[in-house]
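1. only geometry, no sequence info:
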């Protein structure tokens, strides 16, 4: 009896997850996306949602036409080119693995082509807009500080009049947490822009990964690859202020996490995305997420004179072609390079 004949939906997904995590070393975000892609394909093939649902029949009949029909349905439902390309990559990887493991009779997705990706340039901020975004976060910190000072003065006066101390203590704790949260938001925004790291990489940072003497962070990127990324003085000042107040959010769950969530655990990528979106709206700049800040940082470093290979190292890309998509070279920058390099400019 083949492995596929004994397999269930849950067993297949668990085995696929172990392969992606332990053998491929993919990030948590990519593993979650690939698992979702396989689940969607199984549902398309008529496999029920229960984990103990048998999958032998569906896998034995799976062919290239099924995969193309699945992708065509996703395309018709409005999936972006990038999502379709990722789903194609996920299923090609699954098919090769399943064939090797004896779960498929052959690699049915070997000839599956990815849809042509959308090469439109992503939205990025101008340097002035990026500065406005970061100044907005800093102004939010000052507003909270002012509120703490005002509340502190009022609490002291009320205490002298003999008010209950419990309410004052609770108010003080809340003020400390509010200030720590504002400082955390400002620091993570500064670090995202200063380093161009992925949101998952930022969330994965530990206290020991920040070398404040050298102003660098050690990042664990895709495929378990480590790189060291520098950051500047404004980001260092914001980080210093956050670390001085980190204890206000800390709990037994905090461990060595550099950035903490509201409950004291390691901050979640969704929380970081919410912070970036909220601050962009408050700053009146184009709405974007952490990846937009990554694009912006890469573009600004390149426009400032860095070569593409150096930007590739900073971003942790394995392919220079990927770096090129992340960067916007302005016409002014192209003209300056042309006039400097071409003898008949």
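-> Here it is on my side, so go on. Every value quoted in this text rests on a predicted model; they were computed, and no experiment measured them.
2. where in the stretch 1-150 of the chain is pLDDT low?
-> 1-6, 116-122 (pLDDT under 70).
3. The same query, at a cut-off of 80, please.
-> 1-6, 27, 80, 82, 114-123 (pLDDT under 80).
4. Tell me where it has helices.
-> 3-6, 9-18, 28-44, 56-61, 64-76, 81-100, 127-160 (DSSP state H, counting those that start in this stretch).
5. The helix or strand just after the last one: how far from the chain's middle?
-> Scanning forward in sequence from helix 127-160, with DSSP states H and E defining helices and strands, the next element found is helix 165-195. Taking the mean of its C-alpha atoms, helix 165-195 sits 22 Å from the chain's own mean (C-alpha atoms, centre = their mean, to the nearest Å).
6. Please compute how far the helix or strand where residue 312 lies lies from its chain's middle.
-> Secondary structure assignment for residue 312, by DSSP H and E: helix 308-315. Centroid displacement of helix 308-315 relative to its chain, using C-alpha atoms, centre = their mean, is 18 Å.
7. Pull out the buried positions in it.
-> 311, 312, 314, 315 (16 or more other C-beta atoms under 10 Å). In this view, the C-beta of every residue, glycine as well, is placed from N, C-alpha and C.
8. quick one on the thing from earlier: highest mean neighbour count out of the helices of the stretch 1-150 of the chain?
-> Neighbour counts (mean count of other C-beta atoms under 10 Å) averaged over each of the helices of the stretch 1-150 of the chain peak at helix 81-100, with a mean of 19.
9. could you say what helices and strands that helix packs with?
-> helix 28-44, helix 64-76 (3 or more C-beta pairs under 8 Å, 6 or more residues apart in numbering; DSSP states H and E).
10. Tell me where the stretch 201-345 of the chain has helices.
-> Going by DSSP H, counting those that start in this stretch, the stretch 201-345 of the chain shows helices at 233-245, 269-283, 290-303, 308-315, 320-326, 331-341.
11. Switch these over to a markdown table; also include mean pLDDT and distance to residue 20.
-> A markdown table is the format used below for those (pLDDT from 0 to 100; distance: least, C-beta to C-beta, whole Å):
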| stretch | mean pLDDT | distance to residue 20 |
| --- | --- | --- |
| helix 233-245 | 96 | 33 |
| helix 269-283 | 95 | 18 |
| helix 290-303 | 86 | 21 |
| helix 308-315 | 77 | 22 |
| helix 320-326 | 65 | 20 |
| helix 331-341 | 60 | 39 |
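12. Residue 199 and residue 273 touch, don't they?
-> Yes: counting by C-beta atoms under 8 Å, residue 273 is a contact partner of residue 199 at 6.7 Å.
13. residues bridging contact with those two, i.e. touching both?
-> Shared between the contact lists of residue 199 and residue 273 (criterion: C-beta atoms under 8 Å, 6 or more residues apart in numbering) are residues 289, 290.
14. What is the neighbour count of the spatially closest residue to residue 28 that is not a sequence neighbour?
-> Excluding the flanking residues, the one nearest residue 28 by C-beta to C-beta, 6 or more residues apart in numbering is residue 200, at 6.7 Å. Residue 200 is flanked by 17 other residues according to other C-beta atoms under 10 Å.
15. What helix or strand is residue 200 located in?
-> helix 199-203.
16. Now do that helix: distance to the chain's middle.
-> The answer for helix 199-203 is 5 Å, by C-alpha atoms, centre = their mean.
17. More neighbours: residue 199 and residue 273, which one.
-> residue 199 (23 against 15).
18. Check that one and give its pLDDT.
-> Listed pLDDT for residue 199 reads 90.
19. residues in contact with stretch 32-52?
-> Under C-beta under 8 Å, 6+ apart, the answer for stretch 32-52 is 8-10, 12-13, 16-17, 20, 26, 53, 55, 58, 61-62, 66-67, 70, 73-74, 86-87, 90-91, 93-94.
20. So which of the helices and strands packed on helix 81-100 is nearest residue 144?
-> Smallest distance to residue 144 across the helices and strands packed on helix 81-100 (C-beta to C-beta): 31.0 Å, for helix 28-44.
21. Check the offset of that closest one from the chain's centre.
-> Its chain's C-alpha centre and that of helix 28-44 lie 18 Å apart, by C-alpha atoms, centre = their mean.
22. again, but for stretch 54-63
-> The answer for stretch 54-63 is 35 Å, by C-alpha atoms, centre = their mean.
23. picking that back up, tabulate the helices of the stretch 1-150 of the chain (a markdown table), appending distance to residue 115.
-> Shown next, in a markdown table, are the helices of the stretch 1-150 of the chain (distance: least, C-beta to C-beta, whole Å):
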| stretch | distance to residue 115 |
| --- | --- |
| helix 3-6 | 28 |
| helix 9-18 | 23 |
| helix 28-44 | 14 |
| helix 56-61 | 24 |
| helix 64-76 | 7 |
| helix 81-100 | 4 |
| helix 127-160 | 32 |
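24. what residues are up against the spatially most central residue of the chain?
-> In the chain, the residue lying closest to the centroid (C-alpha atoms, centre = their mean) is residue 199, at 2.7 Å. By C-beta under 8 Å, 6+ apart, the contact set of residue 199 is 192, 269, 272, 273, 289, 290, 291.
25. what sits against residue 180?
-> 242, 245, 246, 247, 248, 249.
26. ok, and the most crowded of those?
-> Busiest of these [other C-beta under 10 Å] is residue 242, holding 25 neighbours.
27. For residue 188, state which of the contacts of residue 180 is nearest.
-> Of the contacts of residue 180, the one sitting nearest to residue 188 (C-beta to C-beta) turns out to be residue 242, at 8.0 Å.
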